[in-house]
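Asks: need coordinates for the following:
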Amino acid sequence: MLNLKPWEFEELTPREFDLMCEGYEARMKETDARLAYFFTMATNVHLKASGRIKIRDIMKELHPKSAKERKQEEEFMREWIAEGGEAHG
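Replies: Predicted coordinates for the structure are as follows:
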């Protein structure tokens, strides 16, 4: 998937390889989001309003968040709210 030649792979540092893998995963997620958008547009015209598909529902199935990612998001939100990042009303 990364199209590396054997000698190119051997010359990579572990961090470079990790970054390449993260970039590949980000590109795949972006492609899946784009396809999910077009899928929902083509499908939802045939469904009742109450049964329409949402892009985020498709993405949750294709790319479920890990426990680590969920924890990081929760920590970020706690810090953000503590700093006044969200309007309280």
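Asks: quick one: contacts for the spatially most central residue of the chain?
Replies: Nearest to the mean C-alpha position of the chain, by C-alpha atoms, centre = their mean, lies Lys29 at 5.2 Å. Lys29 sits next to 59, 63 when contact means C-beta atoms under 8 Å, 6 or more residues apart in numbering. Where C-beta positions appear, they are placed from N, C-alpha and C, glycine not excepted.
Asks: one more time with 10 Å, if that's ok
Replies: Lys29 sits next to 59, 62-63 when contact means C-beta atoms under 10 Å, 6 or more residues apart in numbering.
Asks: out of those, which comes closest to Pro6?
Replies: Among the contacts of Lys29, His63 lies closest to Pro6 (C-beta to C-beta), at 30.2 Å.
Asks: how about the closest one, nearest residue that isn't a chain neighbour?
Replies: Of all residues not flanking His63 in the chain, Lys29 sits nearest, at 5.5 Å (C-beta to C-beta, 6 or more residues apart in numbering).
Asks: ok, now Phe9?
Replies: Among residues not flanking Phe9 along the chain, Phe17 sits closest, at 7.7 Å (C-beta to C-beta, 6+ apart).
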